[in-house]
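Novice: predicted model follows, preceded by the sequence.
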Amino acid sequence: MAKQRELLILRHAKSDWESDAKTDFDRPLARRGHRDAPAMGKWMNQQKLAPDYIISSPAMRAKQTVDAVTKELGIAHKHIHFNQKIYLASAESLLQILAECPKTAKQILIVGHNPGLDDLLQHLVDKPPLTGDGKLLTTACLARIALPEDWTQLPHHCGQLVAIIRPRDIT
C-alpha cells in the first residue's frame, strides 16, 4: 500500500532580534532557537518522520533551523533545496512552490516564515487550533498535514491536520 502524502510545515525557530545582522534576511537564531530546532529534529526522528523532499527559505534563521533539524534526522545538507521564493511568501506562492515539488515525493518538509506559513496552513486545513494567546504556528512549530495525491491540486481545506507540535510540547 502506498504511503499517504504528507506535508510537514515548520516555522523557523526563535530568531535573535538583538543581533547585529544588517538585514531581516540575515537575522540568526536566538539561544532559544538553537535549543528548539534540534529538539524538534530529535522529536521528528523519534516519530520516524523522514521527509523525502525538503525545501527551505535561505534566510539565516530558516537555514539554521533546517540544518539543525536535518542533522538530527541524519539527512545531509546537500539534500535541502533552498528556494528564495519562500522568504516572505504568500500562501499562494507557497502553493506554487509545492506544485513544483517532485511528483514522487510522499512527505515534504517546508521550512519558512509567517505570516505565509500560517496562511498556507489555514488554506489547507479547516480551523487549525490556536494557542491560548491566539497564535497558530509559533517558532519551531511543526504542522503535519495529510494531503491528496497531487501536489499541484491543493484546493481550500483539502488537507487533514494530523498534528501540530510546538517545542513546549516536546521539551
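Specialist: Right, received. Where do you want to start? Remember, it's a predicted structure, so these values are computed and weren't measured experimentally. Numbers count the residues shown, from 1 in each chain.
Novice: which parts of the lowest-mean-pLDDT helix or strand in the chain are buried?
Specialist: Sorted by mean pLDDT, DSSP states H and E, the helices and strands of the chain end with helix 167-170, the least confident at a mean of 91. Applying a neighbour-count criterion of 16 or more other Cβ atoms under 10 Å, one finds P167, I170 buried in helix 167-170. (C-beta placed from N, C-alpha, C; glycine too.)
Novice: so which residues make contact with that helix?
Specialist: A13, D36, A39, M40, W43, T138, T139, A140, C141 (Cβ atoms under 8 Å, 6 or more residues apart in numbering).
Novice: please redo it, this time with the cut-off set to 7 Å
Specialist: With contact meaning Cβ atoms under 7 Å, 6 or more residues apart in numbering, helix 167-170 is reached by D36, A39, M40, W43, A140.
Novice: alpha carbons only: can I get that helix in PDB?
Specialist: Coordinates of the C-alpha atoms in helix 167-170 are reproduced here as PDB (Å, rounded to 0.1, in the frame of the first residue of the first chain):
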ATOM      1  CA  PRO A 167       8.600  22.900  21.200                       C
ATOM      2  CA  ARG A 168       7.000  23.300  24.600                       C
ATOM      3  CA  ASP A 169       5.100  20.100  23.900                       C
ATOM      4  CA  ILE A 170       8.300  18.000  23.500                       C
END
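Novice: re earlier: got a PyMOL select line for the buried ones in the contacts of helix 167-170?
Specialist: In PyMOL, this line selects whichever of the contacts of helix 167-170 come out buried by 16+ other Cβ under 10 Å:
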select buried, resi 36+39+40+43+140
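Novice: tabulate the contacts of helix 167-170 (JSON lines), appending secondary structure and pLDDT.
Specialist: Listed next are the contacts of helix 167-170 as JSON lines, based on DSSP: H, G, I helix; E, B strand; the rest coil; pLDDT from 0 to 100:
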{"residue": "D36", "secondary structure": "helix", "pLDDT": "98"}
{"residue": "A39", "secondary structure": "helix", "pLDDT": "97"}
{"residue": "M40", "secondary structure": "helix", "pLDDT": "97"}
{"residue": "W43", "secondary structure": "helix", "pLDDT": "97"}
{"residue": "A140", "secondary structure": "coil", "pLDDT": "97"}
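Novice: H81 pairs with what?
Specialist: For H81, the beta-bridge partners are I55 (DSSP bridges).
Novice: that one touches I55, doesn't it?
Specialist: Yes. Assessed by Cβ atoms under 7 Å, H81 is found in contact with I55 at 4.7 Å.
Novice: quick one: the contacts of helix 167-170 as CSV, columns for distance to F25 too.
Specialist: As requested, these are exported to CSV (distance: Cβ to Cβ, whole Å):
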residue, distance to F25
D36, 21
A39, 25
M40, 22
W43, 28
A140, 19
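Novice: I am finished for the moment; much appreciated.
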